[in-house]
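Q: Need the 3D shape of this:
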Amino acid sequence: MKISSLNGFKDIVPGEVELWHHIENIARNIFSRFHFSEIRMPILEKTDLFSRSIGEATDIVEKEMYTFVDQQITMRPEATASLLRAYIQHGLYVQKPVQRLFTIGPMFRRERPQKGRLRQFHQLDVEVLGAGSPRVDAELMGMASMLLDELAVSTSLEINSLGCPDCRPKFRETLLQFIDDRKENLCDDCQRRSATNPLRVLDCKNPKCREQVKDAPSIQEHLCEGCAIHFTGVQDNLQQLGIPYSLNKFMVRGLDYYTRTTFEFLTKDLGAQAAVCAGGRYDGLVEKLGGPKNIPGIGCAMGIERIVLLLQQQNQEQSTEKGVDIFVAGLGEKASAFAFPLVHTLRKNKIIAAMDHEGRSLKSQMKQANKAGAGWVLIIGENELEQGQAVLRNMKTQKQEEMALNSLQDMLSKRLANVCP
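A: Down below sits the predicted model:
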């Protein structure tokens, strides 16, 4: 009986993994242009880290985390909390007043698997810590827009402001009164959460709930002077960068730590899983997790699986596996023994080389070379060993030439210099 992967956990196989490399390479290139440094965190964290940061009343903490209850440890459901824990633990705020960090890796949530949503999913996550200017908000959205453009992924940007601890309480009272008048028509989750965090009602995906809150008051009408100035600055700076956007008063995101700016890059090509990139500002979170006071922060994350789906839909076939530069066909044991160290030396010289180890026929090995996408095939048999000559075949033109065995390494290096990095 075959054993299959767990539901919601996906293998990334050859032929597809190259597209992942393509995405990650472009992302790393762009992150470096914006002077971000990489950080890597463990997958397992203390459960309290996520309940304190994400919020105990969120879907993630209540329903979706993979938690070892007896040990009170959890497989990370998102990257920001782990990154901030590392930032505080290692005193990175002392090394630089502003830290620009990124991480790439798997996250885990026990959601219902569907297109673009898996239980193990991967994110490109970026965070800026120590900078509160609205220019940083616009710069981060500009970087995300640049990455999506270079990947040829078409999206639209929506933004909102969630205010701050000074202005949110008054809006909360207004929103709670609005919700109480419609509470009986809301889903069970929204009824339960309305008392602890009424903002989450605005984020509910239930069509019935969305209909009930379509005329809900907007937090943008309740922003304090500081938040209003900040949000105006964000919009002005986005316009300076030439980045189009629209306002979405219902965008509250699924995590409680957000303050002020929130944003999402949305696609129309993945059905319900429209968000390709999402993030926002979390100015009080460092202190909440035990770090210093008054360290602002903002970050965003992109789902790699969703980007892969979009690129596959666009038939971006440049993701195919890179072929080998040269296939060495050794015919017979003596020839294979001669070819074995030769292939190793070629690889040391940064040439992608392959050979057969099973003593197959020349016809079979030529088929292997074709499947491997070889540009050249070097044929060495017992006759070639006796004559001191090998045969090099250009697989594109099918032209062949002889090469002396005693100068084979130098000749191959020169011949392949134009096709190898």
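Q: wait, Val328 sits on Ala339?
A: Yes - if you go by CB atoms under 8 Å, Val328 and Ala339 touch, sitting 4.6 Å apart. Quick note: C-beta positions are derived from backbone N, CA and C, even for glycine.
Q: Quick check: neighbours shared by these two?
A: Overlap between the contact sets of Val328 and Ala339, as judged by CB atoms under 8 Å, 6 or more residues apart in numbering, is given by 355, 378, 380.
Q: related to what we said a few turns ago, between Val328 and Ala339, point out the one with more neighbours.
A: Neighbours around Val328 and Ala339, counted as other CB atoms under 10 Å, are more numerous at Val328. The numbers are 27 against 22.
Q: Sheet partners, orientation included, of the helix or strand hosting that one?
A: Element membership for Val328, per DSSP states H and E: strand 326-330. Looking at strand 326-330 with DSSP bridges, its paired strands and their directions are strand 353-355 (parallel), strand 376-380 (parallel).
Q: immediately after it, which helix or strand?
A: Going down the chain from strand 326-330, the next helix or strand is helix 333-348, by DSSP H and E.
Q: counting contacts, what elements does that next one pack onto?
A: strand 326-330, strand 353-355, strand 376-380, helix 382-387, helix 408-416 (3 or more CB pairs under 8 Å, 6 or more residues apart in numbering; DSSP states H and E).
Q: Tell me what angle that helix forms with strand 376-380.
A: Helix 333-348 and strand 376-380 are oriented at 150 degrees to each other (axes from the mean of the first three to the mean of the last three CA atoms, to 10 degrees).
Q: hang on, Pro169 in a helix?
A: Yes - if the criterion is DSSP: H, G, I helix; E, B strand; the rest coil, then Pro169 is within a helix.
Q: how deep is it tucked in, by neighbour count?
A: Per other CB under 10 Å, the neighbour tally for Pro169 reads 11.
Q: what about it, distance to His222?
A: Noted for Pro169: a distance of 10 Å to His222, by CB to CB, to the nearest Å.
Q: now do Asn315
A: Relative to His222, Asn315 is positioned 47 Å away (CB to CB).
Q: Give the bridge partners for Gly279, please.
A: With DSSP bridges applied, Gly279 shows beta-bridge pairing to Phe263, Cys300.
Q: List the residue ranges of the stretch 201-350 of the chain that fall below the pLDDT cut-off.
A: Low-confidence segments of the stretch 201-350 of the chain (pLDDT under 70): 253-255, 272-273, 316-322.
Q: can you map out the helices along it?
A: Taking DSSP state H, counting those that start in this stretch as the criterion, the stretch 201-350 of the chain carries its helices at 207-212, 225-240, 285-288, 304-313, 333-348.
Q: Could you give the separation of the first one from the chain centroid?
A: This points to helix 207-212. Relative to the mean C-alpha coordinate of its chain, helix 207-212 is positioned 31 Å out (CA atoms, centre = their mean, to the nearest Å).
Q: what's in contact with that helix?
A: By CB under 8 Å, 6+ apart, the list of residues contacting helix 207-212 from outside reads 182, 185-187, 190, 201, 204.
Q: Go again with 10 Å.
A: Judged by CB atoms under 10 Å, 6 or more residues apart in numbering, the contacts made with helix 207-212 from elsewhere in the structure are 178-179, 181-187, 189-191, 201-204, 206, 250.
Q: And for the last one?
A: Contacts to helix 333-348, defined as CB under 10 Å, 6+ apart, come from residues 325-332, 351-359, 378-386, 390, 405, 408-409, 412-413, 416, 420.
Q: The shortest one now?
A: Contact with helix 285-288 is made by 52-53, 80-81, 84, 87-88, 93, 129-130, 255-259, 282, 291-297, 299, as judged by CB under 10 Å, 6+ apart.
Q: how about 8 Å then?
A: Taking CB under 8 Å, 6+ apart as the rule, helix 285-288 contacts 52-53, 80, 84, 87-88, 93, 129, 257, 292-295, 297.
Q: need those in JSON lines with distance to Ser5, can you?
A: Conversion of the contacts of helix 285-288 to JSON lines gives the following (distance: CB to CB, whole Å):
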{"residue": "Arg52", "distance to Ser5": "32"}
{"residue": "Ser53", "distance to Ser5": "30"}
{"residue": "Thr80", "distance to Ser5": "28"}
{"residue": "Leu84", "distance to Ser5": "32"}
{"residue": "Tyr87", "distance to Ser5": "34"}
{"residue": "Ile88", "distance to Ser5": "36"}
{"residue": "Tyr93", "distance to Ser5": "40"}
{"residue": "Leu129", "distance to Ser5": "36"}
{"residue": "Tyr257", "distance to Ser5": "32"}
{"residue": "Pro292", "distance to Ser5": "43"}
{"residue": "Lys293", "distance to Ser5": "45"}
{"residue": "Asn294", "distance to Ser5": "46"}
{"residue": "Ile295", "distance to Ser5": "41"}
{"residue": "Gly297", "distance to Ser5": "36"}
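Q: Narrow these to those in strands?
A: Of the positions in the contacts of helix 285-288, 129, 297 sit in strands, assigned by DSSP state E.
Q: Filter the contacts of helix 285-288 down to the buried ones.
A: Neighbour-count burial (16 or more other CB atoms under 10 Å) is assigned, among the contacts of helix 285-288, to 52-53, 80, 84, 87-88, 93, 129, 257, 295, 297.
Q: how about Gln365, secondary structure?
A: Reducing the assignment to helix, strand or coil with three-state DSSP, the entry for Gln365 is helix.
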